[in-house]
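Asks: Just to be clear, the model below is a prediction. Sequence and coordinates:
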Amino acid sequence: MTEEILVLGATGKTGRRVVRTLEATGATLRKASRATGFDWNDQSTWKQFLHGATAAYVIAPEDPSAAAPFVELAEASGLRRLVLLSGRGLDETPPDVFRGMHAAEKAVRASDLAWTVLRANNFNQNFSEEVWQPEIEAGRLSLPVDDTPEPFVDVQDIAEVAALALTTDDHQGQTYDLTGPEGVTFSDAVSKIATATGRTVELVKLTPAEYREALLAQGAPEEVATELNGMFESMRAGLLATPTNDIARLLGRPATSFDAYVAETWR
């Protein structure tokens with residue numbers, strides 16, 4: 001029987017790189033995104049993507065109520081292996097923050113699937129693909145950060161670990177913390193990008209209250225503002241500051257550094 005791998009979020013930051021990495025191996029893929037008709041908010045769209053798939057790369061849904069029904073349908077559809085992208089430090093995060101990730105991990109761990117959980121730090125590509133990109137390009141990034149370092153992780157590294165877990169049998173029941181090789185403060189990150197581009201980029205350090213007001217003024221829902229402030233609180237507390245060697249151990253090479261990302265992206 002042909003192995004067929006489902007990739008959710010196939011056009012997103014990690015998903016499209018998972019697709020590209022798996023395609024390079026000759027894997028048979030099924031790509032799911034809004035463009036192809038998959039909708040986390042409409043359970044009737046799930047079955048057509050799950051039916052016949054043997055493994056799946058899944059990004060935790062924002063809506064926690066979607067997690068358990070999706071995993072249950074995946075099992076009923078004959079899926080055998082599931083790789084879930086989640087967030088680092090989730091055990092120390094209150095259950096009302098990143099509720100979708102909490103629910104997805106709970107559902108996956110309770111299932112009979114051969115599961116692997118990838119808990120990732122903030123991505124290098126948050127600076128260059130959506131998220132903080134508009135502010136970086138406008139020359140002023142405003143966030144509730146201090147000088148606590150963050151070992152930003154490169155999404156291509158995540159994709160390669162995901163591809164490994166999707167196609168081999170050695171990662172069942174494992175949780176991996178995926179980070180870059182060293183911590184970088186936001187001030188240093190912004191400075192490195194500014195130097196590479198020859199542009200002035202200012203980092204403005206907001207209070208949590210200022211950040212919340214800025215998010216609400218941009219139209220973000222209250223729960224999103226609460227979740228993002230919870231993430232930055234964990235970062236300021238140093239819960240995500242220590243690099244791990246999981247990427248190097250799994251891929252047999254060093255994790256991609258922030259400097260390498262800047263040199264490749266901000267030219």
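Replies: Cool, the structure landed.

Asks: Look up the closest residue to residue 246, ignoring the ones flanking it.
Replies: residue 176 (4.5 Å; CB to CB, 6 or more residues apart in numbering). Every residue, glycine included, has its C-beta placed from N, CA and C.

Asks: Where does the prediction get shaky in this protein?
Replies: Scanning the chain for pLDDT under 70 picks out 1-2.

Asks: Could you identify the helix or strand that succeeds the host helix or strand of residue 82?
Replies: Using DSSP states H and E, residue 82 falls within strand 81-87. Next along the chain after strand 81-87, taking DSSP H and E as the criterion, comes helix 99-110.

Asks: Off-centre distance for the strand holding residue 82?
Replies: Here strand 81-87 is found 10 Å from its chain centre; the criterion is CA atoms, centre = their mean, to the nearest Å.

Asks: about what we covered before: the residue nearest to residue 246 belongs to a helix?
Replies: No: in this structure, residue 176 is strand, not part of a helix, as judged by DSSP: H, G, I helix; E, B strand; the rest coil.

Asks: so how many other residues sit close to it?
Replies: 22 (other CB atoms under 10 Å).

Asks: picking that back up, does anything pack onto the strand holding residue 82? Which helices or strands?
Replies: Packed against strand 81-87 by the contact rule (3 or more CB pairs under 8 Å, 6 or more residues apart in numbering; DSSP states H and E) you find strand 55-59, helix 99-110, strand 114-120, helix 155-167.

Asks: Quick one: those as a markdown table, columns for distance to residue 89 and mean neighbour count too.
Replies: Output for the helices and strands packed on strand 81-87, formatted as a markdown table (distance: least, CB to CB, whole Å; neighbours: other CB atoms under 10 Å):
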| stretch | distance to residue 89 | mean neighbour count |
| --- | --- | --- |
| strand 55-59 | 17 | 25 |
| helix 99-110 | 10 | 20 |
| strand 114-120 | 7 | 22 |
| helix 155-167 | 16 | 23 |
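
Asks: Including distance to residue 254, could the ones you listed go into CSV?
Replies: Formatted as CSV, the helices and strands packed on strand 81-87 follow (distance: least, CB to CB, whole Å):
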stretch, distance to residue 254
strand 55-59, 23
helix 99-110, 27
strand 114-120, 17
helix 155-167, 10
